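Quick one: sequence plus predicted model below, questions after.
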Amino acid sequence: MDMQIFALEATRELGQAVADALGRSLSPIEERDFEDGEHKARPLHTVRGADVYVIQSLHGGPKDSPNDKLCRLLFFIATLKTNGAARVTAVAPVMAYARKDRQTKPRDPLTARYVAQLFEAIGTDRVVTMEPHNIAAYQNAFRCEAVALDTRGVLIERAAQLAGTGPVTVASPDPGGIKRAQLFREALQDRLGRSVGFAMMEKRRTGGVVSGEILAGDVDGARVLVIDDMIASGSTMVRAAHALLAGGAVDVWALAAHGLFTDGALKALADPAISGWIVTDTVPPFRLAKHSEKARVEVVSAVPLLARAIRQLHENSSIIDLPAAGS
């Protein structure tokens, strides 16, 4: 089956890098914005009978909202199915609304599930994302195949460099990220061939106010790597870093798949409690472009992992060793 790769305008740079890594060209596409704000996208070559991958990261900005990007991706996938594509995979490195996967207040929406239903309604065959907020909720929301790639496939080598030869601990900044941090710790232990410590921070959010001061785990004398799915304002990471340093950590590094760096992030980036911030390129650092704090953010490319996932999915090969988890 012929493979075609498309990237919508908002994620064209990342999509081009993935196509280059696969030794392929992006399939041509026409995108038009109309005067009233509506949009049209269409493939310029036939897709009949093809195995198609559409790359569109669903974070907000710099121009379009997550809603705009999601709507455009859904319409384009539906267009591909209408025109005879045999299989269409949505590759959304950042999945919109993944954090809203449960009701935390009366009558709350379950937006993660509604997004999954939209993908299914237009005939999407498979959805691939990277480091969803909650992998179980992500996989259970979809009835089509759902693949979750995680940061072990991108950040483990950099983490090994940071670990050096001294004591090192992997920490979760909140209880919800314990499993993610545990898996990262296990991968780092395998990579280093020695023991890696583990720690976690208590965190509660009530009325938008974050609290919780309990730190569990031995961090005294260790370099601590705090692992999370995304960095928004950065306040969760900074809060954890202060507690870890108070517990005796030598220094603290923040690692995450997605660097959103929303309001408040400049203050967090300037806080000396964190020695360095490491994210992937699923979100370009456009919010930091004009600020000196950008120098404190290191970007590691997720392109090799995304390209390898697409190749193995196209060849119907196992994705277990990416590492990845399928539906």
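Structure received.

where does residue 136 land in three-state SS?
helix (DSSP: H, G, I helix; E, B strand; the rest coil).

Skip the chain neighbours and tell me the closest residue to residue 66.
residue 96 (4.0 Å; Cβ to Cβ, 6 or more residues apart in numbering). Using the backbone N, CA and C atoms, a C-beta is placed for each residue, glycine as well.

so who does that neighbour touch?
Taking Cβ atoms under 8 Å, 6 or more residues apart in numbering as the criterion, residue 96 is in contact with 58-59, 66-67, 69-70, 115.

tell me the SS of it?
coil.

What of residue 225?
Taking three-state DSSP, the label given to residue 225 is strand.

Correct me if wrong: it contacts residue 162.
Yes. With contacts counted by Cβ atoms under 8 Å, residue 225 reaches residue 162, the gap being 6.4 Å.

quick one: common contacting residues for these two?
Looking at what touches both residue 225 and residue 162 (by Cβ under 8 Å, 6+ apart), the common residues are 168, 253.

Neighbour count: the two, which is higher?
residue 225 (24 against 19; other Cβ atoms under 10 Å).

can you pull the pLDDT of the more buried one?
According to the prediction, residue 225 has pLDDT 98.

Start the count at 36 instead of 1 going forward.
Got it, first residue is 36 now, which makes that one residue 260.

Where does pLDDT dip in the stretch 236-362 of the chain?
239-247, 358-362 (pLDDT under 70).

quick check: domain ranges of this structure?
38-184, 187-335 (automatic domain parsing).

Residue 341 is nearest to which of those?
Each of the domains of the chain has some distance to residue 341 by Cβ to Cβ; the shortest is domain 38-184, at 5.1 Å.

The closest one: end-to-end distance?
Domain 38-184 has an end-to-end distance of 21 Å (Cα to Cα, to the nearest Å).

can you give me the mean pLDDT across that domain?
96.

what's around residue 321, how many residues?
With other Cβ under 10 Å as criterion, residue 321 counts 11.

now do residue 201
9.

Tell me who's in contact with it.
Per Cβ under 8 Å, 6+ apart, neighbours of residue 201: 257-258, 285.

So which elements touch the biggest helix by length in the chain?
As assigned by DSSP state H, the longest helix anywhere in the chain is helix 101-117. If contacts are counted by 3 or more Cβ pairs under 8 Å, 6 or more residues apart in numbering; DSSP states H and E, helix 101-117 sits against strand 74-78, strand 86-90, strand 122-127, helix 146-156.

To residue 328, which of these lies closest?
Judging those by Cβ to Cβ, what sits closest to residue 328 is strand 122-127, at 27.6 Å.

Can you name the residues in contact with that closest one?
36, 53, 85-93, 108, 112, 115-116, 154, 158-164, 341, 344-345, 348.

shouldn't residue 40 be in contact with residue 90?
Yes. The pair residue 40 and residue 90 passes the contact test of Cβ under 8 Å, sitting 7.0 Å apart.

Name the residues contacting each of the two.
Counting by Cβ under 8 Å, 6+ apart, the residues touching both residue 40 and residue 90 are 50, 53.

backbone phi and psi for the residue with the largest distance to the centre of the chain, please?
Here the centre of the chain is the reference, and by Cα atoms, centre = their mean the most remote residue is residue 70, at 33.0 Å. The phi and psi values for residue 70, taken as degrees, to the nearest 10, are phi -60, psi -30.

Distance check, it against residue 106.
18 Å (Cβ to Cβ, to the nearest Å).

What of residue 255?
Taking Cβ to Cβ as the measure, residue 255 and residue 106 are separated by 50 Å.

rewinding a little: now that you've got the contacts of strand 122-127, can you turn the buried subset into something I can paste into PyMOL?
A single PyMOL command selects the buried members of these (16 or more other Cβ atoms under 10 Å):
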select buried, resi 53+85+86+87+88+89+90+91+92+93+108+112+115+116+154+159+160+161+162+163+164+341+344+345+348
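
doesn't residue 132 make contact with residue 94?
No. The pair residue 94 and residue 132 fails to qualify as a contact (Cβ under 8 Å) at a distance of 11.2 Å.

so what's in contact with the two at the same time?
Shared contacts of residue 94 and residue 132, defined by Cβ under 8 Å, 6+ apart, comprise residue 101.
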